[in-house]
Structures are given as structure tokens and as C-alpha cells.
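Peer 1: model this:
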Amino acid sequence: MFGQVWLMDNTKSAIIKVYREMQERENSVTAEKVKNVFLGIDAGKNTLLSLFDEVKREKQSLIGKTLSRKTYDRYCTVRKHLAEFLEKDCNLSDIAIKEIDYRFISNFERFMLATRGCNENSTARYIHTFKYVINTAIKYGLIYKNPFAEFQIKGKKPDRGYLTQEEVEILMQHKFKSKRLERVRDVFVFCCFTGLSYIDVKNLSEDNICTFFDGKLWIISKRGKTDITFQVPLLEIPQKILEKYEGKSRNGNLRCF
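Peer 2: This is a model prediction of the structure:
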């Protein structure tokens, strides 16, 4: 008991000393500044949001190379939500990285679900991005204990529906009054028969349509997300869709879609 009282008195004295020293050299002294100095954290260094900003700058330089704009935007979104969480739930403008623990992560997850109204899968993606930044802190030697070690990121496997062959045929035969909707339908059908995602179709150019080893036309390109090369045979239906828009491409890109 005596030891605890002694420790509390010493801690209180140390905090008061920090406060008085800061008063002598600074115009504005806040509880947060005193706490950071007491813990050995310099303002703007080794804090969560400052590290997030550093990671964002690194990711921004990779857009269009090894990173998509969508992925970069997610870092920006998570940074914004963390700043809001710190302000509303923690009454802080930033936090020392070494203060982040299981409870902080759990409370942030609750904030995303309850306050921000995100679903489980969106929250899981945001937490994964947060975890990447914490792993960066570990790599930089800013912290040594991983606060995510015992934390389980939750997420539900989406129940993806699918169209039957009959439904696809009905869609293909439908007459749209709007040219825009007709193009949307054509892109969707093109994706169905090639197995490509929308972003991969969007990025296709005329140079990606090649005669392959079998003497037939193939689509040869790279996945936008993984940069992995793929080869897909150009079947009759997607080939007819390309022929439908022949001559309408822009600068060699098939963006008439």
C-alpha cells in the first residue's frame, strides 16, 4: 500500500514538474501536451495520425503503378474515421502509437459499426487498413508489441447471387430505350462471357485483342488489382459486342463501353 502511494505521489510530482516547465516556454499548455511529454512522445512524432499521413504519402506515389486509386482512397477514409473517433470518443487530436491496445482497436470497431453505421464487411476492410499501418509501425521499430495479436477481424462472406443461363439470354435480348442502359448491359454480358471484372474491361485497349497460338482471337492483358497477366479466349458473343462498337474507341481504348 505504501509503495502504491509513493508511486502515485512521485508520478503526480513528475507531471506537475512537466507542466510548470512547459508553462515557462510555451504560450499554450494542454493536458494532451503534458501527457505526451510525460510519456516521452514528441508532438507530431510516433503518433497514429502522423504515421497514417506518412503511409498515405507513400501509397499516393504508387497510384497507377502497384496501387489503385480505390485502395488509396480507403487509407484516406480510415484516417478520417480514426481522427473522428479520437476526437469524439477519446477527446484527443492524436494518440501515441505505443498507447494503442486491444481495447482501443475494439472501441474503434464499435465506433465504425454503431456510430458510423458501417456494415461488418466494410468495417473489416477498414480495420485491415488500420492493421497495415500498425504493422508499419512495428517494421519502423516504433512499437514492439503488436496490439492486433489477439484481435480477430470479423467479416461475413458475402452471399453472391448469380444469373441463370435463361436470365442472361433474356437480358441479352431485351431492347432498351436508353443507349446508356444498352451499353451497361453490353459491358455486363461481356464480363459474363470473359470472366473479367469491370475495371479490367474498362482498361482494355485494341492492343489487348490478339491472335493467339490456336489462330483465334484472345484477350491478353493484366489484372488491374494484382497486375497478373491473363489470357482469355474471345468467344462469339463478346466478339460480337466488340464488333458492335467497332470504330467508336477512343485513342485505342475500348472505352465506348
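Peer 1: Quick check: closest non-adjacent residue to residue 198.
Peer 2: Distances taken as CB to CB, 6 or more residues apart in numbering place residue 191 nearest to residue 198, at 6.4 Å, with adjacent residues excluded. No exception for glycine: its C-beta is placed from N, CA and C like everyone else's.
Peer 1: Please apply the same query to residue 53.
Peer 2: Among residues not flanking residue 53 along the chain, residue 79 sits closest, at 7.2 Å (CB to CB, 6+ apart).
Peer 1: Now that neighbour: which helix or strand?
Peer 2: Taking DSSP states H and E as the definition, residue 79 sits inside helix 69-89.
Peer 1: quick one: residue 87 from residue 76, how far?
Peer 2: 17 Å (CB to CB, to the nearest Å).
Peer 1: so who does the most centrally placed residue in the chain touch?
Peer 2: Nearest to the mean C-alpha position of the chain, by CA atoms, centre = their mean, lies residue 74 at 3.2 Å. The contact partners of residue 74, by CB atoms under 8 Å, 6 or more residues apart in numbering, come to 125-126, 129.
Peer 1: And stretch 15-33, what's buried?
Peer 2: Neighbour counts using 16 or more other CB atoms under 10 Å place 18, 29, 33 of stretch 15-33 among the buried residues.
Peer 1: Secondary structure class of the last one, three-state.
Peer 2: Read it as residue 33. Under DSSP: H, G, I helix; E, B strand; the rest coil, residue 33 falls in the helix class.
Peer 1: how close does it get to residue 247?
Peer 2: Counting by CB to CB - residue 33 and residue 247 are separated by 66 Å.
Peer 1: got it, and residue 74?
Peer 2: Distance of residue 74 to residue 247, given as CB to CB: 38 Å.
Peer 1: re the thing from before, got a pLDDT number for the residue nearest to the centre of the chain?
Peer 2: pLDDT, residue 74: 95.
Peer 1: Quickly note the distance from it to residue 125.
Peer 2: Per CB to CB, residue 74 is found 7 Å from residue 125.
Peer 1: Report the buried residues of the helix holding residue 79.
Peer 2: Neighbour counts using 16+ other CB under 10 Å place 72, 74-75, 78-79, 81-83, 85-86 of helix 69-89 among the buried residues.
Peer 1: May I see those residues arranged in a markdown table, with distance to residue 60 as well?
Peer 2: Formatted as a markdown table, those follow (distance: CB to CB, whole Å):
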| residue | distance to residue 60 |
| --- | --- |
| 72 | 6 |
| 74 | 13 |
| 75 | 9 |
| 78 | 14 |
| 79 | 12 |
| 81 | 18 |
| 82 | 18 |
| 83 | 18 |
| 85 | 23 |
| 86 | 22 |
